[in-house]
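Asker: okay, sequence plus prediction incoming.
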Amino acid sequence: MILNYIKLTRPINLLIIVLVQCIIKYGLLLPLGVKVALDNFEFFLLVFASLCIAAAGNVVNDIFDLTVDSINKPDKMLVWRIIPEKSAYNYYIVLNVLGVAAGFYLSNLLDKPALTAIFIVISALLYIYATHIKAMLVVGNLLVSVVVAMSLMVIVLFDIFPALDTNEMDLQVVSSKIILLYAGFAFYINFIREIVKDLQDIDGDKNGGRNSLPIALGRQRTIHVVFVLGVMGLIGILLYSYYRLYYFSTLLFYFVFLIAGPMLFFCIKAWSAETKKDYAFLSLLLKLIMLSGIISIVFYAKIATQL
């Protein structure tokens with residue numbers, strides 16, 4: 001039973017959040033010598049709060065997706081089929097309380113109590129997304145992608161902002177810009193992935209009265225949109241590699257072969273995608289591209305001041 005509750009939070013996605021935040025903290029900020037506000041315990045509180053809020057969002061999303069999931073993935077449903085809906089809702093409340101409480105405690109340790117609002121707002125947005133915004137054309141895709149980007153930006157807000165120092169500001173600004181760049185990358189890749197997931201879930205979404213891009217445009221036009229977005233992302237990666245990383249061979253190699261290469265493969269596969277199996281593969285590929293992209297942050301510690 002405990003394992004089912006863990007599955008309900010989508011632990012793989014939560015592990016990615018942990019990995020991303022740890023890479024930024026221990027792979028960029030500390031090696032770069034950036035003056036930061038959080039010690040190891042305080043950073044643990046930040047990660048814990050982020051995980052609880054994200055987990056709660058995943059739980060409430062499944063609670064309000066019962067009708068849709070009964071069509072799209074009936075064999076994988078946990079709420080109602082295995083976990084009672086009331087128990088799932090109580091679980092959601094507990095996770096939210098833990099997340100906001102950890103965020104509140106951390107904010108007060110930093111003497112920045114107003115930062116607690118970040119976790120409250122994100123929690124509220126995830127609830128509104130699950131109950132209302134998810135049914136709106138494109139808006140839901142944009143909102144969840146913003147939340148994904150925020151899992152990176154909280155490092156700036158909690159670890160760099162409270163430690164701002166005029167004598168250390170150059171490194172703090174440079175590292176913040178790098179994190180912002182990657183947050184934008186995460187937003188864009190996740191936005192494409194959300195559209196791909198809508199292609200997977202089109203049957204259930206129709207039955208649930210939702211208005212996703214595939215429902216509005218049809219599968220064929222939507223996959224063309226996905227292809228164009230993929231090509232635009234590929235061009236952006238290559239242009240950035242050429243103009244900003246040309247003299248940094250290791251990072252240039254990484255971007256071209258481990259980010260742009262898989263993105264090119266994604267575009268090729270997207271052009272001919274027709275089935276749910278194809279869409280599922282594209283979704284997985286985008287998740288791997290995002291993960292590969294985030295890992296490249298560790299290379300910036302040696303070159304950040306030269307960019």
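Answerer: Arrived safely. Numbers count the residues shown, from 1 in each chain.

Asker: helices of the stretch 1-150 of the chain, start to end?
Answerer: For the stretch 1-150 of the chain, applying DSSP state H, counting those that start in this stretch gives helices covering 2-8, 11-24, 30-32, 40-63, 66-72, 85-109, 116-131, 139-155.

Asker: and those as a markdown table, adding mean pLDDT?
Answerer: Below are the helices of the stretch 1-150 of the chain laid out as a markdown table (pLDDT from 0 to 100):
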| stretch | mean pLDDT |
| --- | --- |
| helix 2-8 | 88 |
| helix 11-24 | 96 |
| helix 30-32 | 94 |
| helix 40-63 | 96 |
| helix 66-72 | 72 |
| helix 85-109 | 96 |
| helix 116-131 | 95 |
| helix 139-155 | 96 |
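
Asker: looking at these, spot the one closest to D201.
Answerer: Proximity of those to D201 was assessed by Cβ to Cβ; the nearest stretch is helix 66-72, lying at 4.8 Å. C-beta here means a position set from N, CA and C on the backbone, and glycine is covered the same way.

Asker: mind checking pLDDT for K302?
Answerer: At K302, the model reports a pLDDT of 80.

Asker: tell me, how many residues neighbour the residue nearest to it when sequence neighbours are not counted?
Answerer: Nearest-residue entry for K302: P31, 7.9 Å, with adjacent residues in sequence omitted and distances by Cβ to Cβ, 6 or more residues apart in numbering. Here the number of neighbours of P31 (other Cβ atoms under 10 Å) works out to 13.

Asker: now do the contacts for A102.
Answerer: Going by Cβ atoms under 8 Å, 6 or more residues apart in numbering, A102 touches 45, 48-49, 52.

Asker: buried subset of those residues as a PyMOL selection?
Answerer: Command for PyMOL that selects the buried part of the contacts of A102, burial taken from 16 or more other Cβ atoms under 10 Å:
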select buried, resi 45+48+49+52
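
Asker: just give me the closest of the contacts of A102 to L78.
Answerer: Of all the contacts of A102, L78 sits closest to C52, with 18.4 Å by Cβ to Cβ.

Asker: cheers, nothing more for now.
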